[in-house]
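K.L.:
got a sequence here, can you build the structure:
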Amino acid sequence: QVQLVESGGGLVQAGGSLRLSCAASGRTFSSDIMGWFRQAPGKEREFVATISGSGVSTYYADSVKGRFTISRDNAKNTVFLQMNSLKPEDTAVYYCAARARGRSITTNDYTYWGQGTQVTVSS
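P.N.:
Model prediction:
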């Protein structure tokens, strides 16, 4: 059974930092494209960042570029999202997702999803 489990969310003040983790099991994800998405109340789920299987190639939404960093540890089947300089508009449920190949920023292209972790940024 394939599972993606996010952790690391919480409440933080604006300007603060959080590090999200996504632990994968039930499948070898070392060659998979991994992505982070988020969904704020009343809004559609949106792309945040993606990383290639090797970890060499990354891509970010303009809204988080320069503040967020995606990385992965394939030995531990884990993907991370380091979030710095957080803003109230970053408040959302953050999800990690996986797909077999090909970079994508589209939610429908991803096969596996975690249950999400809440990030709340207070002003």
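K.L.:
all contacts plus neighbour counts: C-alpha atoms, from now on.
P.N.:
Fine.
K.L.:
part of a strand, is Ala98?
P.N.:
Yes: under DSSP: H, G, I helix; E, B strand; the rest coil, Ala98 sits within a strand.
K.L.:
what secondary structure does the closest residue to Pro88 other than its chain neighbours sit in?
P.N.:
In space, not counting the residues next to it along the chain, Pro88 is nearest to Val121; the distance is 4.7 Å by CA to CA, 6 or more residues apart in numbering. At Val121, secondary structure determined by three-state DSSP is strand.
K.L.:
residues touching Val121, list them.
P.N.:
Each residue near Val121 by CA atoms under 8 Å, 6 or more residues apart in numbering is listed here: Leu11, Val12, Gln13, Ala14, Leu86, Lys87, Pro88, Glu89, Asp90, Thr91.
K.L.:
now distance to Gly26 and secondary structure too, for the residues you listed, in TSV please.
P.N.:
Supplementary listing: the contacts of Val121 in TSV, determined by distance: CA to CA, whole Å; DSSP: H, G, I helix; E, B strand; the rest coil:
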residue	distance to Gly26	secondary structure
Leu11	30	strand
Val12	32	strand
Gln13	36	strand
Ala14	36	coil
Leu86	32	coil
Lys87	35	coil
Pro88	35	helix
Glu89	34	helix
Asp90	30	helix
Thr91	30	coil
